[in-house]
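Chemist: I would like the atomic coordinates for the input below:
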Amino acid sequence: AAATTAAASSAPAAAAQAVVYMNWATDDLGMKRENEQLALFAQQNPALKVTMTAVSSSGYQDKLLAGLAGGTGPDVFRDNPADALPLISKGQLASFDPMLATSTNGWWGSKDVKPGVMNWGRAYGKQYGFPIGTGAYYDFSVNRDIWRTTGLADPPVQYNDPSWTFDYVLDAAKKITKGGPPPQQFGINTGMSWSFLHPVVQSWGGDFMDPKTGEFLWTSSSAADGIQWMADLQLKQHVAPSGTENTGGVFNFEKGRLGLTWSTFNLAMYLLSTVGDQFQWDMLPPPHQAGKKPVIWFYVSWAVLNKSSKVPENAWAFLYWYGGPQGQGVPVEYAWTAPLFSSLDSRFASRLGASGAKKNLAIASDFLQYSSPERPELNPRFSESMKILNPALAKVASGQSTANNAMQEIKTPMDQLLKQGMQEAAAAGS
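Modeler: Numbers count the residues shown, from 1 in each chain. Model (predicted):
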């Protein structure tokens, strides 16, 4: 509390003018969470006023960019790293480094901050964001009722369980799947998006790109094998529904006809409402290759500071509070974000209530040693590279191409983009 008070008291001159904070939390649960955070800030900082603007994700970037260009942009706002990088290049985001250097007796640099997590907000050698909304890609949501009625023992719940391998997952999915036609129940679905495939490939010993040169590396045999394993859950093993079989979402997890779904633990509050009491569900860690650790990749968004804010001291006071343990306590309780501060571990998913207390909540506090340090999404050309990668993955998912052939076909343009991005990042950080 001392750090918050100290930061806030440094801005008496601007106290009368509100800090404008913008995000894309337009759903009921998201709005409730954000409003609770702002109410808590107002309670602790009565001299400072913050107003929130929530814009749906579909129109968020257009409104944000128009505001920044016209000098009416928000003072503090949420952004994805890939979208924030161009703003840094244009000089529209403020680096936190000068303010952090003068922040004393606060949470920054304290032992409460878990090792390395604040680096998720760094780009070009500087701190441009506080990581928020952090979700592990991936975990599994499991339908425990299906597992038990199939006669399977409860699946492992710890990251370091040596039995929880990809072979274990496939074997269980085969036993759960009940054929047809039409099929009645599936063991698992597929996660053919980059967010799921990236940690899967790393678990198989591959990597997306060379972190020094930007060379595209999903052409390696280990990477292609991991991608093909995912696609073959539907194509070869028939333990996952095809798009046609899942028409109308009949095999979506909340329908109660799927044993496992690729997910992330910050969807827990949403499962509480979409699944309710239909069946017993829980969260499981990702599997691994025999004798190796599982790998997870953390999605993060950033809370950032408009360099042209008209109330920079107040904006920083709010942002420092919002990105620290006091501000992040509420979203941790809602399971919206992984606890990045040790003091918040015990509060994770507490809003799930009595049913939540029975869930595998340790999955959100035991993640650090399994988290990949690589951040490919900070390559300035990452978003552009996805426009090449995603159609190739779609060909693999449909069986039109093998993973090996599809990745080989796009290697040249992916190399060109990702290497160009590394060069641009180096130039921006020099």
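Chemist: for this structure, longest helix please?
Modeler: Longest helix in the chain, counting residues (DSSP state H): helix 411-429.
Chemist: from the contact counts, what lies against that helix?
Modeler: Applying 3 or more C-beta pairs under 8 Å, 6 or more residues apart in numbering; DSSP states H and E, we find helix 411-429 packed against helix 382-398. C-beta coordinates here come from the backbone N, C-alpha and C atoms, glycine included.
Chemist: for the helix it packs on, name the packing helices and strands.
Modeler: Short answer (3+ C-beta pairs under 8 Å, 6+ apart): helix 382-398 packs on helix 81-89, helix 194-203, helix 221-235, helix 403-409, helix 411-429.
Chemist: what angle sits between the third one and helix 194-203?
Modeler: Looking back up the chat, that one is helix 221-235. Angle, helix 221-235 to helix 194-203, by axes from the mean of the first three to the mean of the last three C-alpha atoms, to 10 degrees: 130 degrees.
Chemist: show me how far helix 221-235 is from its chain's centre.
Modeler: When C-alpha coordinates are averaged (C-alpha atoms, centre = their mean, to the nearest Å), helix 221-235 and its chain have centres 22 Å apart.
Chemist: which other helices and strands does it contact?
Modeler: Applying 3+ C-beta pairs under 8 Å, 6+ apart, we find helix 221-235 packed against helix 166-176, helix 194-203, helix 382-398, helix 403-409.
Chemist: what comes up buried for that helix?
Modeler: Applying a neighbour-count criterion of 16 or more other C-beta atoms under 10 Å, the buried positions in helix 221-235 are 222-235.
Chemist: over to the fourth one?
Modeler: Of the residues in helix 403-409, 403-404, 406-407 count as buried by neighbour count, 16+ other C-beta under 10 Å.
Chemist: what two of those are the furthest from one another?
Modeler: N404 and A406 (7.4 Å; C-beta to C-beta).
Chemist: contact partners for the closest residue to K126 other than its chain neighbours?
Modeler: For K126, ignoring the flanking residues on the chain, the nearest one in space by C-beta to C-beta, 6 or more residues apart in numbering is S95 at 4.4 Å. Contacts for S95 (C-beta atoms under 8 Å, 6 or more residues apart in numbering) come out as 126-128.
Chemist: circling back to that earlier point, could you check the angle helix 382-398 makes with the longest helix of the chain?
Modeler: 150 degrees.
Chemist: mind saving the C-alpha coords of helix 411-429 as PDB?
Modeler: Output of helix 411-429 as PDB, limited to C-alpha atoms (Å, rounded to 0.1, in the frame of the first residue of the first chain):
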ATOM      1  CA  LYS A 411      10.100 -22.200 -45.200                       C
ATOM      2  CA  THR A 412      11.400 -19.600 -47.600                       C
ATOM      3  CA  PRO A 413       8.800 -16.900 -47.000                       C
ATOM      4  CA  MET A 414       8.700 -17.600 -43.200                       C
ATOM      5  CA  ASP A 415      12.500 -17.300 -43.100                       C
ATOM      6  CA  GLN A 416      12.400 -14.000 -44.900                       C
ATOM      7  CA  LEU A 417       9.800 -12.500 -42.600                       C
ATOM      8  CA  LEU A 418      11.100 -13.700 -39.300                       C
ATOM      9  CA  LYS A 419      14.700 -12.800 -40.100                       C
ATOM     10  CA  GLN A 420      13.600  -9.400 -41.300                       C
ATOM     11  CA  GLY A 421      11.800  -9.000 -38.000                       C
ATOM     12  CA  MET A 422      14.900  -9.900 -36.000                       C
ATOM     13  CA  GLN A 423      16.900  -7.300 -37.900                       C
ATOM     14  CA  GLU A 424      14.200  -4.700 -37.200                       C
ATOM     15  CA  ALA A 425      14.100  -5.600 -33.500                       C
ATOM     16  CA  ALA A 426      17.900  -5.300 -33.300                       C
ATOM     17  CA  ALA A 427      17.800  -1.900 -35.000                       C
ATOM     18  CA  ALA A 428      15.000  -0.600 -32.700                       C
ATOM     19  CA  GLY A 429      16.900  -1.800 -29.600                       C
END
